[in-house]
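J.: have a look at this fold, sequence not included:
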């Protein structure tokens, strides 16, 4: 029986936590997968930086190499996993492997966001393929859901919690009343934060994932520069408390909106006041979650572990399984990159919305002089920009002649609010830089 | 360009709510789907019972027929959708179409549960295929997730809310304090209940869907007789209130457990006390939700609309898309039915667990005489079966010399509890039939 099944050799570029996880689970479960896929699988080779380093997952010496580019070029390998991370060596490896017609399976969101177009063009020209289920939301099969399961839909709204570190910090701020700096230090000590911690904390990682979801849903790469991206550094316990009293929890959300009438797309990442009754508000610290609203299916949610060795390995292995079927003759399931932009014939062109068209309600925290007429001045500045208020909460800061002012606006837009922030920052009544959060208006 | 693409003709057996929904969305979105799939799609024919009946979705007269079996046999059709419901005509149609080598797309959970083995055997023997994403949890792409996205996993636990009518009734019992009979009548008036309402209310529909999920996850059909199936008829406001005070909500859950060590499987459907902190407890009335625990990915959740014209159409269309790719040469993505039982080589044989091995905690509501010694008798009966109690709540029923007794047990098993129920039912201190609910112990 088995000898009729084609043998598929898999190489690994990078053999850290994720690479070892994939190797371990593939090895453990090889027979079942082989039967299911009708192939024979060989874990052929893995590249490491240091051959002598001890690793939890044992690999025969003759299957380790330091030369990752040899893996990209090795004609015996049909599937290669790029699990090195970073964008320099990873790009070089990926392009070389695609030029050799291989299927590249990747968990590298930064690479995909920065070089997605180059990667897919190279794949198209040379007959290679690029799979990336593990790049976004870890083990949650959201890429497959968007690409295949929800193929009947156009997506007016996709939002989600895509960074585990931020969700961990915000959940603990809320549950334990600790400060952001203390929790960041704890997250560092536990190894929860990326080496470049700005990737997590300032929303860059979330933005990378948002770009990938947006590409899948709308067939257009949105660059970081075209997004609105804000992180969680500025959030204080006062914000957490105020949000709670107002019926919200604060979550770092990626929000991808498309106006299905005029076709305009916008991608933003920011800490958001989420109504407590929404599924996303209740998401435990360990989870990522994505809410997808399609014009046919309505609202759907996908929740699971967004990172970690095993969850990521689960996603990489599902890509390897799809790659095996592709090697056996499958038509690739609905890769937008390989059929060209999805919407060019049917949908309006996928322009980006302007900041004036991006509308939401806002939460504004100001430190002001505690003196007569201050509130009139502040609300006057807002009114001049056409921003009206739903809620005003003023609290005296004892012994300081200062007050904290929390303002909740009615629906406004990003342009008006940006101008308002500038004007408020210059007003002599305002003693510190104004701090802004968005409020999630969407219904489930 | 287009003329190079193969033309795929689609027929519909049954043209009620779902059939018309699929036709409507396919027609509206045809160009985009054709481009994405690289095919041309033709909505060729639909069978109806009455040609003259007015329908919201308009179809040219020459594309309607009353002869559904002609659709099964028509050699020009490559894909046929069985959307008639029922199991007699639907089975005849499905088997005939499979014998003709067609791809059958179905939303018919009852058919699949009752005749799944015959259907897949027929497909295998004649080169047909049977797709059924719409059969379970409506628009949520859970079939694809289990089959493809989570291919790396074995599943120790799958549980979920799979019947919208029951979730609607239980949510309103909880939120508005209404009784089960009143809400059932309202659901009837709104057309939310199937013609044979036992399918919804007594857990049969949920059991059908549980059988399908269990088959996908474990490669074995579990019949209704092999399951434990209880519906929601017996639930009272007292149960809802008691559950709330104890920190739970009552949901009708399907629970599929597999012991990954000895391979034993068990499928059960029953109203369950779900801890309020769990995602499933918070699920709004309109949603279905499934929690999948895999040995690699950990815990994942899938939530969305479980029924309705559009959500079901979304699932049917995703199957049609996969069917188009299959017709273009794809290897079918991981159909267990077409490769034989999944686990025979690798896993232990998929035996069913005995009732003694199915363990949970229980909620027991008893109406008893309000007299000295009664509690001692009752607890004695439980103790004799090895069942120990975590919580006892006794409440006098005014002017009756009766009391309501709510007992929460520690972990016990179905066999011991069934015997206990019998003994309690015979005890002269117990005035009504004892009522039992299970408690969800699982962690997220």
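T.: Yes, it's here. From a predicted model like this one, the values you see are computed outputs, not experimental measurements.
J.: so chain A: which segments form each domain?
T.: A:2-139+A:310-339, A:152-305, A:359-439 (automatic domain parsing).
J.: any chance of these in JSON lines, with mean neighbour count too?
T.: Placement of C-beta: from N, CA and C, glycine included. Below are the domains of chain A laid out as JSON lines (neighbours: other CB atoms under 10 Å in any protein chain shown):
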{"stretch": "domain A:2-139+A:310-339", "mean neighbour count": "20"}
{"stretch": "domain A:152-305", "mean neighbour count": "20"}
{"stretch": "domain A:359-439", "mean neighbour count": "16"}
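J.: mind putting those into JSON lines with mean pLDDT?
T.: Output for those, formatted as JSON lines (pLDDT from 0 to 100):
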{"stretch": "domain A:2-139+A:310-339", "mean pLDDT": "91"}
{"stretch": "domain A:152-305", "mean pLDDT": "94"}
{"stretch": "domain A:359-439", "mean pLDDT": "96"}
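J.: quick one: closest of those to residue B:391.
T.: Closest approach to residue B:391 among the domains of chain A (CB to CB): domain A:152-305, 25.8 Å.
J.: and the closest one, how far out from the chain middle?
T.: 8 Å (CA atoms, centre = their mean, to the nearest Å).
J.: need the distance between the two termini of that domain.
T.: Taking CA to CA, to the nearest Å, domain A:152-305 runs 27 Å from one end to the other.
J.: hmm, that domain touching chain B?
T.: Yes: Domain A:152-305 is in contact with chain B by CB under 8 Å from any CB of the partner chain, via A:152-154, A:279, A:282, A:284, A:289, A:294, A:296-305.
J.: which of the residues you listed fall in helices?
T.: For the residues of domain A:152-305 next to chain B, not one is inside helices, with DSSP state H as the criterion.
J.: quick one: secondary structure of residue A:35?
T.: Classification of residue A:35 by DSSP: H, G, I helix; E, B strand; the rest coil places it in helix.
J.: distance of residue A:110 relative to chain B?
T.: From residue A:110 over to chain B the distance is 23 Å, taken as CB to the nearest CB, to the nearest Å.
J.: what residues does that residue make contact with?
T.: Residues near residue A:110 by CB atoms under 8 Å, 6 or more residues apart in numbering or on different chains: A:85, A:86, A:87, A:208.
J.: and for residue A:150?
T.: Each residue near residue A:150 by CB under 8 Å, 6+ apart is listed here: A:292, A:294, A:297, A:300, B:141, B:314, B:318.
J.: again, only using 10 Å
T.: Residues counted as contacts of residue A:150 (CB atoms under 10 Å, 6 or more residues apart in numbering or on different chains) are A:142, A:144, A:216-217, A:292, A:294, A:296-297, A:300, B:139-141, B:144, B:304, B:314-315, B:317-318.
J.: for residue A:232, give me its contacts.
T.: By CB under 10 Å, 6+ apart, the contact list for residue A:232 reads A:163, A:165-167, A:169-170, A:173, A:180, A:184, A:200-203, A:206, A:250-252, A:270-271.
J.: repeat that with 6 Å
T.: Contacts for residue A:232 (CB atoms under 6 Å, 6 or more residues apart in numbering or on different chains) come out as A:166, A:252, A:271.
J.: hang on, the second one in a strand?
T.: Yes: looking at residue A:252 with three-state DSSP, it is inside a strand.
J.: so it sits right up against residue A:273, yeah?
T.: No: using CB atoms under 6 Å as the test, residue A:252 is too far from residue A:273 to be in contact (11.6 Å).
J.: quick one, strands of the stretch 201-350 of chain A?
T.: A:228-229, A:248-258, A:265-275, A:287-294, A:298-305 (DSSP state E, counting those that start in this stretch).
J.: give me the contact list for the first one.
T.: Yep, that's strand A:228-229 we're talking about. Strand A:228-229 has contacts (CB under 6 Å, 6+ apart) with A:203, A:207, A:268, A:269.
J.: and the third one, how far from residue A:440?
T.: Looking back up the chat, that one is residue A:268. Distance, residue A:268 to residue A:440, using CB to CB, to the nearest Å: 12 Å.
J.: same question, the first one
T.: Using CB to CB, residue A:203 is found at 16 Å from residue A:440.
J.: quick check: which element contains residue A:362?
T.: Using DSSP states H and E, residue A:362 sits within strand A:359-369.
J.: which strands and helices lie in contact with the following helix or strand past that strand?
T.: Going down the chain from strand A:359-369, the next helix or strand is helix A:374-384, by DSSP H and E. Where contact means 3 or more CB pairs under 6 Å, 6 or more residues apart in numbering or on different chains; DSSP states H and E, helix A:374-384 is packed against helix A:414-426.
J.: so how far is the helix it packs on from its chain's centroid?
T.: Helix A:414-426 has its C-alpha centroid displaced from the chain centroid by 28 Å (CA atoms, centre = their mean).
J.: list, one by one, the residues from the stretch 1-150 of chain A near chain B.
T.: The stretch 1-150 of chain A comes close to chain B at residues A:25, A:31, A:32, A:35, A:36, A:139, A:140, A:141, A:144, A:145, A:149, as judged by CB under 6 Å from any CB of the partner chain.
J.: for the second one, pull up the helix or strand it's in.
T.: Counting by DSSP H and E, the element that carries residue A:31 is helix A:30-37.
J.: helix or strand right after that helix?
T.: strand A:40-47.
J.: hmm, who's touching that following strand?
T.: In this structure, residues lying in contact with strand A:40-47 by CB under 6 Å, 6+ apart are A:5, A:7-13, A:15, A:23, A:30, A:34, A:63-65, A:68, A:71, A:77.
J.: ok so, going back, the contacts of residue A:110: which two are farthest apart?
T.: By the measure CB to CB, A:86 and A:208 form the most distant pair in these, at 13.0 Å.
J.: and the domains of chain A: which comes nearest residue B:119?
T.: Nearest to residue B:119 among the domains of chain A is domain A:2-139+A:310-339; the distance by CB to CB comes to 19.9 Å.
J.: ok now that closest one, how far from the chain's centre?
T.: On the basis of CA atoms, centre = their mean, domain A:2-139+A:310-339 sits 21 Å off its chain's mean C-alpha point.
J.: do the same with stretch A:297-310
T.: 11 Å.
J.: between the two ends of it, how far is it?
T.: With CA to CA as the measure, stretch A:297-310 spans 30 Å from end to end.
J.: repeat for stretch A:276-288
T.: End to end - CA to CA - stretch A:276-288 spans 17 Å.
J.: try stretch A:145-160
T.: First-to-last residue span, stretch A:145-160, CA to CA: 15 Å.
J.: so residue A:400, which of the three states?
T.: The local conformation at residue A:400, judged by three-state DSSP, is coil.
J.: how about it: what's its closest non-neighbour residue?
T.: Counting by CB to CB, 6 or more residues apart in numbering or on different chains, residue A:400 lies nearest to residue A:370, which is 7.6 Å off, once chain neighbours are set aside.
J.: tell me the contacts of that neighbour?
T.: Residue A:370 sits next to A:396, A:401, A:402, A:403 when contact means CB under 6 Å, 6+ apart.
J.: please report how far it lies from chain B.
T.: For residue A:370 relative to chain B (CB to the nearest CB), the value is 41 Å.
J.: how near is that residue to residue A:31?
T.: With distances taken as CB to CB, residue A:370 is found 73 Å from residue A:31.
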